[in-house]
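*Asks:* Fold the following and give me the result.
(2 chains)
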Amino acid sequence: MNLLIGATTIGLILALLAFGVYLSFRIFSFPDITTDGSITLGAAVTAALLVHNFAPWEATLAGFFAGMLAGSITGILHTKFKINELLSGILVMTALYSINLHVMGKSNVPLMNHVTLASQAESLFALLFGGTGDLFILGWPVSARDASALLGVALIVCLLGTSLFLFFRTNLGTAMRAAGDNAQMIRALGVSVDFVLILGLAISNGLIALAGSLLAQYQGFADVQMGVGMIVWGLASVIIGEALVGGGGIGILIIGAVMGSVLFRLLVAIALRWGLNPNDLKLITALFVFIALIAPAAIRKLKSTTASNSSAHA
Amino acid sequence: MLEISQIRKTFHPDTPNEVRALRGVTITLEKGTFLIIIGTNGSGKSTLLNAVAGTFLVDEGTITLGGHPITSWAEHQRAKLIGRVFQNPFSGTAPNMTIAENLALATRRGQRRGFGWALNRSMMGELQDRVRTLNMGLEQRLENPIGSLSGGQRQALTLLMASWLKPELLLLDEHTAALDPKSADQVIRLTHDIIERDHLTTLMVTHSMQQAVNLGDRIVMMHRGEVLHDLFGSERARVRPEELLQRFDEVRRRERLDPAVAEMLRRNYI
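*Replies:* Residues are numbered from 1 along each chain as shown, chains lettered A, B, ... in the order given. Model (predicted):
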């Protein structure tokens, strides 16, 4: 049960990563590699501030804003300096590796002995439910730490998912979606596509950095390598989410991203439990995304071939 | 009032692919005038429209619209003053967004976009009323993705969007060229009605001599990036499609165009 709850909690934290990837990749069709650096940046900034005894909410917010800054730099490189989308992200991601090391001062910062959002959630849980003993859910013992983290993260994801949904219904959010859908049209209606792209990448990387910040606080450490391959992880979550909800409005797709992230994390946890070599995890994730990306076109081709064959026989 | 003064634009300068697309074009358009621009392929008519819209900045010359010196304004800044319909019916709308969302975007053309709701209940009524004027039955389908509509329906909506907030200038770039004849007629009727109703200053590019003669109150014929003829007043009132074609023939003779090309022009332009 603890494994299930732990995997769900991490899945929910990484739903923020999925929101960010959804924004850059699905709204703007912008393959933003900054992701791998900004998730670590969120963790690094939060860890560095927690070590210096800043309040957890301050450290978390700082992580979010640091991610926004990284995303906006990628956006500026692309729009103002006309650098290719992928290259802009690669440049910022590469630079962030050094920056993250500078921010943390070393490659790994443990947070076990510091006050974090996770430890605060646990204290609040104890206050509300009168103790830190195990709970029993369906007869299975669940630690107060796991239960409080899950509830806290679920609350944050609900809040941010709803905020994102509402933002996309505002004038600015609608213009942002339109910029991704048809840049020529929205420019002719008076919107600076450069501005909304920079803002979109800033929000996207802010959310991704926030995922890093929460992950560090939940796991109890920040590591300079924790961002490797995270864009693929985010893509996998978005793709699974779309498959689960079968498309639809923006609200449905946001819910889909959460479901996709949680399901993907659960599948990974189960696979690891069944003996999957952790070294193969990134390879399998990449293969999965590759298959998911080519599958729609392959299925369409197969269907059209089958249809033309059957009409030829008729 | 639109004042285009001696504008020049050269693409790929100092390369083997250099194209002098606009060579000192000067046009002054009084408020409420409907100007039609015709010309051979590559004559610079669409380039002129794009220069006014701000798709690119001109190399030389000035453009003033409604008293604003817009020569160095970016495209999205000019959109405060300019409504635009593209040749491709799919260029003027966001296909994955609903009809209502597309229209809502047009209701704030050129205005600041903040955190107010893009759509609200009171707005839906106004959207329905305006869409009803198209007579296409789309007022009941405002929640449908605009990508599910036909080219003609999308172009009619784009026209409605471009003119939602009365623009200082309406730019129409061969906006019926990609439509079937029935849809093209429908969109042209709508164009005429909207321009008449709102007294819009309009600049329209067309390949059709019939449209040039039937619509508008001034015709400019372009060739090789220059204004070849400027017909207005009584001369414009008398002009017939055949005469416009004759003027193309003159160009053909002057340039010694291949007769096959001339025949293609005759087939396409009448």
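
*Asks:* where does the stretch 51-200 of chain A have low pLDDT?
*Replies:* For the stretch 51-200 of chain A, the stretches flagged by pLDDT under 70 are A:131-133, A:137-138.

*Asks:* and it, which of its residues are near chain B?
*Replies:* A:167, A:169-175, A:177-178, A:181-182, A:184-193 (CB under 8 Å from any CB of the partner chain). Glycine gets a C-beta too; all of them are placed from N, C-alpha and C.

*Asks:* Please check those residues and keep the buried ones.
*Replies:* A:169-175, A:177-178, A:181-182, A:185-193 (16 or more other CB atoms under 10 Å in any protein chain shown).

*Asks:* Hmm, A:G249 and A:G256 touching each other?
*Replies:* No - using CB atoms under 8 Å, A:G256 makes no contact with A:G249, being 10.5 Å away.

*Asks:* Between these two, which is the more surrounded one?
*Replies:* A:G256 (24 against 13; other CB atoms under 10 Å in any protein chain shown).

*Asks:* The more buried one - that's part of a strand, no?
*Replies:* No - using DSSP: H, G, I helix; E, B strand; the rest coil, the assignment for A:G256 is helix, not a strand.

*Asks:* Next up, the contacts around it.
*Replies:* Taking CB atoms under 8 Å, 6 or more residues apart in numbering or on different chains, we find A:G256 in contact with A:238, A:241-242, A:244-245.

*Asks:* Can you show me the strands along chain A?
*Replies:* A:108-110, A:135-137, A:140-142, A:221-223 (DSSP state E).

*Asks:* for those, which one ends up most surrounded?
*Replies:* The highest average neighbour count among the strands of chain A, using mean count of other CB atoms under 10 Å in any protein chain shown, belongs to strand A:221-223 at a mean of 22.

*Asks:* contacting residues around that strand?
*Replies:* Outside strand A:221-223, the residues that reach it (CB under 8 Å, 6+ apart) are A:40, A:43-44, A:46-47, A:104, A:107-112, A:212, A:216.

*Asks:* Just the buried ones from those residues?
*Replies:* Neighbour-count burial (16+ other CB under 10 Å) applied to these gives A:40, A:43-44, A:46-47, A:104, A:109, A:111, A:212, A:216.

*Asks:* Among the contacts of A:G256, which one lies nearest to chain B?
*Replies:* The closest of those to chain B turns out to be A:E242 (CB to the nearest CB; 13.3 Å).

*Asks:* ok, that closest one touching A:I254?
*Replies:* No - assessed by CB under 8 Å, A:E242 is found out of contact with A:I254, at 11.2 Å.

*Asks:* Give me the more crowded residue out of those two.
*Replies:* Neighbours were counted for A:E242 and for A:I254 using other CB under 10 Å; A:I254 has more, 23 against 20.

*Asks:* and that one, what does it touch?
*Replies:* Each residue near A:I254 by CB under 8 Å, 6+ apart is listed here: A:19, A:22, A:161, A:164-165.

*Asks:* any idea whether the closest residue to B:M136 other than its chain neighbours is helix, strand or coil?
*Replies:* Among residues not flanking B:M136 along the chain, B:Q153 sits closest, at 5.7 Å (CB to CB, 6 or more residues apart in numbering or on different chains). Secondary structure state of B:Q153, per three-state DSSP, is helix.

*Asks:* ok, B:Q153 touching B:L138?
*Replies:* Yes - in this structure, B:Q153 is within contact of B:L138 by CB under 8 Å, at 6.5 Å.

*Asks:* Who has more neighbours out of the two?
*Replies:* Comparing B:Q153 with B:L138 by other CB under 10 Å, the one with more neighbours is B:Q153, at 22 against 19.

*Asks:* which ones are touching that one?
*Replies:* Taking CB under 8 Å, 6+ apart as the test, what B:Q153 contacts is B:136, B:138, B:183.

*Asks:* One more pass at 10 Å, please.
*Replies:* Shown in contact with B:Q153 (CB atoms under 10 Å, 6 or more residues apart in numbering or on different chains): B:89, B:93, B:99, B:134, B:136-138, B:141, B:146, B:183, B:186-187.

*Asks:* Secondary structure and pLDDT for these - can I get that in TSV?
*Replies:* Below are these laid out as TSV (DSSP: H, G, I helix; E, B strand; the rest coil; pLDDT from 0 to 100):
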residue	secondary structure	pLDDT
B:P89	coil	89
B:T93	coil	95
B:I99	helix	95
B:L134	coil	88
B:M136	coil	88
B:G137	coil	87
B:L138	helix	91
B:R141	coil	92
B:I146	helix	93
B:S183	helix	90
B:Q186	helix	91
B:V187	helix	93
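
*Asks:* Can you select the buried ones among these for me in ChimeraX?
*Replies:* Selection of the buried residues among the contacts of B:Q153 in ChimeraX, burial being defined by 16+ other CB under 10 Å:
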select /B:89,93,99,134,136,138,141,146,183,186,187
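
*Asks:* ok, of the contacts of A:G256, which come out buried?
*Replies:* Looks like the contacts of A:G256 have A:238, A:241-242, A:245 buried, using 16+ other CB under 10 Å.

*Asks:* of the residues you listed, list those near chain B.
*Replies:* The subset of these within reach of chain B, counting by CB under 10 Å from any CB of the partner chain, is empty.

*Asks:* tell me which of those is nearest to B:R238?
*Replies:* Looking at the buried ones among the contacts of A:G256 and their distance to B:R238, the nearest is A:E242, at 61.6 Å (CB to CB).

*Asks:* what residues are up against A:F28?
*Replies:* Residues counted as contacts of A:F28 (CB under 10 Å, 6+ apart) are A:75, A:85, A:176-177, A:179-181, A:183, A:193, A:196-197, A:200-201, A:204.

*Asks:* Just these: which are in helices?
*Replies:* Those of the contacts of A:F28 mapping onto helices are A:75, A:85, A:176-177, A:179-181, A:183, A:193, A:196-197, A:200-201, A:204, per DSSP state H.

*Asks:* mind checking how far B:G39 is from B:Q246?
*Replies:* 15 Å (CB to CB, to the nearest Å).

*Asks:* Measure how buried B:L157 is and give me the count.
*Replies:* 23.

*Asks:* How about the contacts made by it?
*Replies:* B:L157 sits in contact with B:89, B:92-93, B:99, B:102-103, B:106, B:131, B:134, B:136, B:138, B:146, B:149, where contact means CB under 10 Å, 6+ apart.

*Asks:* Next, give phi and psi for it.
*Replies:* phi -70, psi -40 (degrees, to the nearest 10).

*Asks:* same deal with B:L35?
*Replies:* According to degrees, to the nearest 10, B:L35 has phi -100, psi 130.

*Asks:* Contacts only, for the residue lying closest to A:F65 once chain neighbours are set aside.
*Replies:* Counting by CB to CB, 6+ apart, A:F65 lies nearest to A:G206, which is 6.9 Å off, once chain neighbours are set aside. A:G206 is in contact with A:16, A:19-20, A:23, A:38, A:42, A:61, A:63-72, counting by CB under 10 Å, 6+ apart.

*Asks:* Please indicate which of those are buried?
*Replies:* Buried among the contacts of A:G206 by 16+ other CB under 10 Å: A:16, A:19-20, A:23, A:38, A:42, A:61, A:63-64, A:66-72.

*Asks:* Kind regards, and thank you for your time.
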